[in-house]
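[1] heads up, no residue letters with this:
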């Protein structure tokens with residue numbers, strides 16, 4: 001296979017990748033007449049602490065989304081696979097082994113360019129690649145030219161490309177996200193959606209429904225989004241009627257299906273990451289996973305560490321014995337949201353106005369009977385819940401006779 005003649009390495013944390021990164025890459029592709037530009041997210045940058053970074057997997061995925069429609073840009077995971085501290089000289093040596101006949105270029109930001117002599121083995125870097133950069137502002141150009149003379153005296157080849165200045169930075173974007181400010185003009189729309197879907201860089205100490213709205217829209221279809229909204233409305237109404245916490249009812253209701261449309265393998269990964277072990281009924285039953293994964297996502301990824309909210313989401317499909325008032329409200333709201341139109345929904349709604357347990361017994365009877373008819377395993381939590389509410393409602397019925 002014919003090797004590309006000119007290859008550039010553009011490394012960085014890309015935490016997150018933004019439009020200035022893409023514009024810079026495109027400009028160097030044109031200026032240097034590159035055959036390929038390798039965008040290489042670092043595993044662990046030597047100059048940054050882990051606390052500043054989202055996972056390498058997230059940064060790699062965002063890079064792929066941002067560049068998937070751009071010719072001549074490939075995203076490489078070679079530094080992530082290598083693990084440990086990511087030193088540029090090691091990556092260049094690896095690229096030289098992979099492309100022995102190619103001419104290598106190294107693209108750096110202005111702040112990195114001026115510190116090259118502080119990097120690991122700078123003179124070896126100079127021998128492996130032409131070092132390229134752009135000014136960050138009008139004051140940079142003279143400093144860069146002075147550094148260029150210094151590096152050239154050490155045998156380096158350099159290129160300084162004077163591009164239109166940009167005030168975009170990853171740190172600025174992270175600040176916008178944390179403060180719930182718009183950042184759409186700084187990043188590709190697919191990257192914006194990914195950030196919301198995975199709850200990256202966000203303030204986990206605050207409840208913000210405008211933010212949750214964006215998260216839900218990034219994670220689900222319009223139909224599922226409408227359902228989530230309706231469940232929240234119904235859960236609040238029931239909570240107010242029966243004395244549960246109305247704010248928590250809204251929160252659990254709006255988030256109860258947050259992983260409903262997440263692929264099964266990703267649901268299982270969320271569950272595994274949370275330390276939850278599925279039982280023999282749950283493990284082969286994909287319809288049960290989204291509630292378990294959703295509760296874990298809300299707690300572990302979104303940072304909403306409230307046991308009652310967790311359980312309301314966790315058991316909104318199966319039910320369980322000894323459910324709290326909040327759990328019962330969300331469970332019934334999932335059956336009776338405004339868009340529901342199955343046979344029996346009106347009776348379910350009427351019962352929910354009289355008794356939570358009567359409504360639960362009615363809903364569970366359908367679920368349990370349907371599973372039994374199709375010879376499918378029934379979650380022990382559902383059976384325990386069904387038995388509990390049936391016994392309770394039967395006693396009430398007998399007393400009234």
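    Here it is on my side, so go on. Note that the structure is predicted; figures quoted are calculated from it, not measured. Residues are numbered from 1 along each chain as shown.
[2] which residue lies nearest the spatial centre of the protein?
    residue 198 (1.4 Å; CA atoms, centre = their mean).
[3] check contacts around the nearest residue to residue 209 once chain neighbours are set aside.
    Spatial nearest neighbour of residue 209, excluding adjacent residues (CB to CB, 6 or more residues apart in numbering): residue 254 at 7.2 Å. For every residue, glycine as well, the C-beta is placed using N, CA and C. If a contact means CB atoms under 8 Å, 6 or more residues apart in numbering, then residue 254 has 209, 212, 216, 228-229, 231-232 as its contacts.
[4] one step back: does the residue nearest to the centre of the chain really touch residue 302, like I thought?
    No. Applying CB atoms under 8 Å, one finds residue 198 not in contact with residue 302, separated by 10.2 Å.
[5] how much space separates residue 313 from residue 300?
    12 Å (CB to CB, to the nearest Å).
[6] before we move on, back to that, quick one: which of the contacts of residue 254 is most hemmed in?
    residue 231 (30 neighbours; other CB atoms under 10 Å).
[7] name the element residue 362 belongs to?
    Using DSSP states H and E, residue 362 maps to helix 356-373.
[8] after that helix comes which helix or strand?
    helix 380-400.
[9] list the buried residues in that following helix.
    381-386, 388-389, 393 (16 or more other CB atoms under 10 Å).
[10] among these, which one lies nearest to residue 275?
    residue 381 (18.8 Å; CB to CB).
[11] sketch out the low-pLDDT regions of the chain for me.
    For the chain, applying pLDDT under 70 flags the ranges 1-2, 44-52, 395-401.
[12] got the domain boundaries for it?
    With domains defined by automatic domain parsing, the chain comprises 6-168, 220-400.
[13] straight-line length of stretch 345-363, end to end?
    Start-to-end span of stretch 345-363 (CA to CA, to the nearest Å) is 9 Å.
[14] what about it, distance to the chain center?
    Centroid displacement of stretch 345-363 relative to its chain, using CA atoms, centre = their mean, to the nearest Å, is 37 Å.
[15] ok, and what's touching it?
    Stretch 345-363 is contacted by residues 238, 241-242, 319, 325, 328-329, 331-332, 335-336, 344, 385-386, 389-390, 392-393, 396 when judged by CB under 8 Å, 6+ apart.
[16] ditto for stretch 102-112
    The contact list for stretch 102-112 (CB under 8 Å, 6+ apart) reads 3-10, 12, 24-25, 28, 32, 34-35, 37, 88, 92, 95-96, 116, 125, 128-136, 140, 144, 159.
[17] in that stretch, what's buried?
    Those would be 102-110, 112, for stretch 102-112 by 16+ other CB under 10 Å.
[18] do the same with stretch 373-381
    In terms of neighbour count (16+ other CB under 10 Å), stretch 373-381 has its buried residues at 378-379, 381.
[19] can you tell me how far the nearest residue to residue 329 once chain neighbours are set aside is from residue 19?
    Counting by CB to CB, 6+ apart, the nearest residue to residue 329 once its immediate chain neighbours are dropped is residue 238, at 4.1 Å. According to CB to CB, residue 238 and residue 19 sit 46 Å apart.
[20] over to residue 204?
    Applying CB to CB to residue 204 and residue 19 gives a distance of 26 Å.
[21] now residue 232
    Residue 232 is 35 Å from residue 19, by CB to CB.
[22] ok, residue 181 next?
    17 Å.
[23] who has more neighbours, the two?
    Between residue 181 and residue 19, counting by other CB under 10 Å, residue 19 is the more crowded of the two (16 against 9).
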